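1. need coordinates for the below:
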Amino acid sequence: MAFSNRWVLADGTLEKKPITIRYRENIEREFESNLYGHCVQINWQAEELDHKSGYPSAVEMLKIDDFNRRLMEVVEEDAHGLVAMILTSEGVNQWILYCRDLDELQSDLNRIPTDEGLYPIEVTAQDDSQWDTFKELRGAIKTH
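-> Next up, the predicted model:
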């Protein structure tokens, strides 16, 4: 299954703090397929912040972007799962992805090269066959 690679980018504020949200456009086919019933959230708490923006520092964003690329490669290459949304705010980068099988996803995550040691991530998972997490977050985005 080839996933849509069109992304919507939204910048705004959440509780007076800047937030950037990116989500995949046109992925209704994936959540209607009932193949991806597990919502996995991966959080990266930045060690270095840009205190003006509240976002991770430029140096740390390079590491986050590299992890993002590697994450999408291992999870999506065999359609085990897909990254649906990415949020950045207050020094946290969070990926919302959906997968078929949690053990398969764990194997995929273990394949991500750790050139400079382990990534500072925290992973949580829940059953979400209706994609409620994604739909709720996407629905909360208001454009002007």
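
2. right, and the helix or strand after the helix or strand Asp103 falls within?
-> With the criterion set as DSSP states H and E, the secondary-structure element containing Asp103 is helix 102-110. For helix 102-110, the following helix or strand on the C-terminal side (DSSP H and E) is strand 121-127.

3. contacts for that next one?
-> If you take CB atoms under 8 Å, 6 or more residues apart in numbering as the criterion, strand 121-127 is touched by 37-45, 67, 102, 105, 109, 133. All C-beta spots, glycine's among them, are computed from the backbone N, C-alpha and C.

4. next, the angle from it to helix 102-110.
-> 160 degrees (axes from the mean of the first three to the mean of the last three CA atoms, to 10 degrees).

5. average model confidence for strand 121-127?
-> Model confidence over strand 121-127 averages 96 on the pLDDT scale.

6. and for stretch 30-38?
-> Mean predicted confidence for stretch 30-38 is 90.

7. could you do stretch 9-21 as well?
-> 85.

8. likewise stretch 51-67?
-> 88.

9. contacts for the lengthiest helix in the chain?
-> Here the longest helix in the chain is taken by residue count, with DSSP state H as the criterion, and it is helix 58-76. Contacting residues not belonging to helix 58-76 are listed as 3, 42, 44, 46-48, 50, 55-56, 81-83, 86, 93, 95, 97, 99, 105, 108-109, 111-113, 116, 119, 121 [CB under 8 Å, 6+ apart].

10. and Trp61, how far from Glu122?
-> In this structure residue 61 is Met, not Trp. Taking CB to CB, to the nearest Å as the measure, Met61 and Glu122 are separated by 18 Å.

11. pick out whichever of these two has more residues nearby.
-> Between Met61 and Glu122, counted using other CB atoms under 10 Å, Met61 has the larger neighbour count: 17 against 11.

12. and the spatially most central residue of the chain, what helix or strand is that in?
-> The structure's the chain has its C-alpha centroid closest to Trp95; by CA atoms, centre = their mean the separation is 1.7 Å. In this structure, Trp95 sits in strand 92-99 according to DSSP H and E.
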